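1. sequence and predicted structure are below.
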Amino acid sequence: MLRGFLMLAAFFGFTGVALGAFAAHGLKNRLTPEYLAIFHTGVTYQLVHTLALFGVALLATQIPGRLITWAGASFAIGILLFSGSLYVLTMTGISKLGIITPFGGLAFLAGWFCLGLAAWRLT
């Protein structure tokens, strides 16, 4: 799990920074301020949960188990669904894509719940 979660963290970290720069420089004049703020929310949540995923990768070496694995998988799924849906929504204008975003938020919550439960079970 260590290698897989670290690779995902590196990928999401790299793309989060790239997308943030793209929004700041390439989309500033193309998107409305509202859509730019939505895009920025996607980048923020992606980068925050990239750090969480990195932490899970490190924890997986010390606290092996399903809860840590589920936490990492939930964070990765959350990034794809939450941030990904916001990126696609702002670039296409298809507002119906917003229905996907809450599922990403639920995945984030599930990841934090699993992480908390793993901590609770520590002896």
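-> Looks like it came in fine.
2. if I look at G116, how far off is V17?
-> From G116 across to V17, the span is 28 Å (C-beta to C-beta, to the nearest Å). All C-beta atoms are positioned from the backbone trio N, CA, C, and that covers glycine.
3. who are the packing partners of the longest helix along the chain?
-> Determined from DSSP state H, the single longest helix within the chain is helix 33-62. Helix 33-62 sits against helix 2-22, helix 66-78, helix 84-92, helix 101-120, with contacts defined as 3 or more C-beta pairs under 8 Å, 6 or more residues apart in numbering; DSSP states H and E.
4. hmm, who's touching the longest one?
-> For helix 2-22, the external contacting residues (C-beta atoms under 8 Å, 6 or more residues apart in numbering) are 39-40, 42-43, 46-47, 49-51, 53-54, 56-58, 60-61, 72, 76, 79, 83, 87.
5. return the most buried member of the helices and strands packed on helix 33-62.
-> helix 66-78 (a mean of 22; mean count of other C-beta atoms under 10 Å).
6. output it in PDB with nothing but the alpha carbons.
-> What follows is helix 66-78 as a C-alpha-only set of coordinates in PDB (Å, rounded to 0.1, in the frame of the first residue of the first chain):
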ATOM      1  CA  ARG A  66      -8.300  -2.400   6.200                       C
ATOM      2  CA  LEU A  67      -9.300   0.900   7.900                       C
ATOM      3  CA  ILE A  68      -6.100   2.600   6.800                       C
ATOM      4  CA  THR A  69      -6.500   1.100   3.300                       C
ATOM      5  CA  TRP A  70     -10.100   2.200   3.100                       C
ATOM      6  CA  ALA A  71      -9.100   5.700   4.300                       C
ATOM      7  CA  GLY A  72      -6.600   6.100   1.500                       C
ATOM      8  CA  ALA A  73      -8.900   4.700  -1.100                       C
ATOM      9  CA  SER A  74     -11.700   6.900   0.000                       C
ATOM     10  CA  PHE A  75      -9.400  10.000  -0.200                       C
ATOM     11  CA  ALA A  76      -8.400   9.100  -3.700                       C
ATOM     12  CA  ILE A  77     -12.000   8.400  -4.800                       C
ATOM     13  CA  GLY A  78     -13.100  11.700  -3.200                       C
END
